[in-house]
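# Quick check, what structure comes out for this input:
(one chain, ligands or ions: 1)
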Amino acid sequence: MRQTLEKLIGEGSVVRENIRLAPYTTMRVGGPADFFVEATNATALERAVRAVRGLDLPYFLLGKGANIVIGDGGFRGVVVHNSADHICFNGDLVTAESGATMYPDLIELAASRSLSGLEHYVGIPSTVGGALWQNLHFLSPAPARERTMFIEEVLEYADLLTEENESKRVGVDYFEFGYDKSILHWRDDIVLSATFRLQEANQADIYRIMKENLAWRELRHPDLKTEPSVGSIFKKIQGIGAGKLIDECGLKGTCYGGMAISHLHANIIVNHADGTAADLQALVAYVQKEVTQQTGYHLETEVEFVGDFHPPTSGKPVFLPRPEGLVTAEELAARHSP
Ligand SMILES: Cc1cc2nc3c(=O)[nH]c(=O)nc-3n(C[C@H](O)[C@H](O)[C@H](O)COP(=O)(O)OP(=O)(O)OC[C@H]3O[C@@H](n4cnc5c(N)ncnc54)[C@H](O)[C@@H]3O)c2cc1C
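Residues are numbered from 1 along each chain as shown. Sure thing, here's the model as predicted:
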């Protein structure tokens, strides 16, 4: 099968077998993929997807793995890892292959050319393709931070390989963007590249927004390098933050195996000690049960679960003590309010 795949895909891709997926995700969990194809440019990505579809093999397209949890049993089929990352500027337009890294690569390049529109999304782990899948979003610049900004606002068009195997250029409307939503959630279209229309702006203003947004994240999000996570694990409920509910239920520090609710941010589960997907599932179920019992609200996960899962870790949770000296963003704000 490996040779058949290599022959069909041709140059620009490497096919490997039995590759552990955990290192390719920000949560650092996930067993092996039967086959792992590294697509290094958009043509290779298109050929890889056409090949696996032609062979009728189950497949999954993997970006930075920042919004997925892969099961400990891994993935039976082909994981296509998108590392197609060419970026090209033409006036105020920038075209990026879909495996390009939003930050630092694309955002830093745009900022260095004094082009504004992408700087709001600094510090978010994402490929360009993942950003369109998610409709990447963040708050408008400080101090007002009065609205949520979305990547759809600067998207000009994207080149796709559609579910029907057509090569097609589509505009923004095609994506039916919403909050955490795009057509890519329910159609198996593959984004090959995306073109964004940016605006010339004062470079110092762009860098100021980047600096402020990075500082905002640093205060609220555990460091991915030392505490891997998928960012927010539960969807927010209209008008009520999931983190607030979890915090009010006294669940910060709750821990199954190597997975724990962060003391810094109650809606983030961190992999603090070689946690597994089974630990994560047990913790998610425990938090859902406790929050429903204590508040009546049901929390839903906002990440995608991919591949084969073992049964959740059994037993009772333990509680990790709060690290000494830790100050949350809310506590800091309370100290500074009159
Ligand atoms: C610490 C942290 C903070 C975060 N903060 C934010 C935030 O502030 N705002 C926000 O919006 N998100 C945030 N996220 C979520 C995450 O960064 C986004 O969902 C990101 O866009 C996922 O991109 P990815 O490349 O990792 O996609 P992956 O997780 O690899 O894949 C996600 C889905 O997208 C599909 N996909 C990927 N590439 C393509 C493509 N080329 N064509 C079609 N489908 C594709 C995959 O098949 C999969 O179904 C955060 C995550 C973390 C870990």
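# The closest residue to Leu219 other than its chain neighbours: neighbouring residues, count only.
In this structure, Leu219 finds its nearest non-sequential neighbour in Ala329, 4.8 Å apart by CB to CB, 6 or more residues apart in numbering. All C-beta spots, glycine's among them, are computed from the backbone N, C-alpha and C. Neighbours of Ala329 under the rule other CB atoms under 10 Å: 14.
# And for Glu11?
Neighbours of Glu11 (other CB under 10 Å): 10.
# Run me through the strand neighbours of the host helix or strand of Val37, direction for each.
Using DSSP states H and E, Val37 maps to strand 32-39. If you go by DSSP bridges, strand 32-39 pairs up with strand 13-20 (antiparallel), strand 75-82 (parallel).
# right, so those strands: which one is the most enclosed?
strand 75-82 (a mean of 23; mean count of other CB atoms under 10 Å).
# and after it, which helix or strand comes next?
Following strand 75-82 toward the C-terminus (DSSP H and E): strand 87-90.
# Can you point out the buried residues in that next one?
Ile87 (16 or more other CB atoms under 10 Å).
# other SSEs contacting that strand?
Counting contacts by 3 or more CB pairs under 8 Å, 6 or more residues apart in numbering; DSSP states H and E, strand 87-90 packs against strand 93-97.
# what does the strand it packs on contact?
41-42, 45, 84-88, 106, 109-110, 115, 128, 156, 192-198 (CB atoms under 8 Å, 6 or more residues apart in numbering).
# Give me the pLDDT value at Gly12.
Per-residue pLDDT puts Gly12 at 68.
# What separation do you get for His185 and Leu251?
Between His185 and Leu251 the distance is 29 Å, computed by CB to CB, to the nearest Å.
# the more surrounded of the two?
Between His185 and Leu251, Leu251 has the larger neighbour count (other CB under 10 Å), namely 19 against 13.
# OK, contacts around that one?
Applying CB under 8 Å, 6+ apart, the residues near Leu251 are 261, 266, 287, 290-291.
# Could you grab the helix/strand/coil label for it?
Following DSSP: H, G, I helix; E, B strand; the rest coil, the label given to Leu251 is coil.
# what's the domain layout of the chain?
Here the domain parsing of the chain from automatic domain parsing is 2-82, 87-220, 242-329.
# what's the most buried one of the ones you listed?
Most buried among the domains of the chain, given mean count of other CB under 10 Å as the contact rule, is domain 2-82, at a mean of 20.
# so how far is that one from its chain's centroid?
Offset of domain 2-82 from its chain centre (CA atoms, centre = their mean, to the nearest Å): 17 Å.
# what about that domain, how long is it end to end?
18 Å (CA to CA, to the nearest Å).
# circling back to that earlier point, pipe the strands paired with strand 32-39 into a markdown table and attach distance to the ligand per row.
A markdown table is the format used below for the strands paired with strand 32-39 (distance: least, CB to the nearest ligand atom, whole Å):
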| stretch | distance to the ligand |
| --- | --- |
| strand 13-20 | 15 |
| strand 75-82 | 6 |
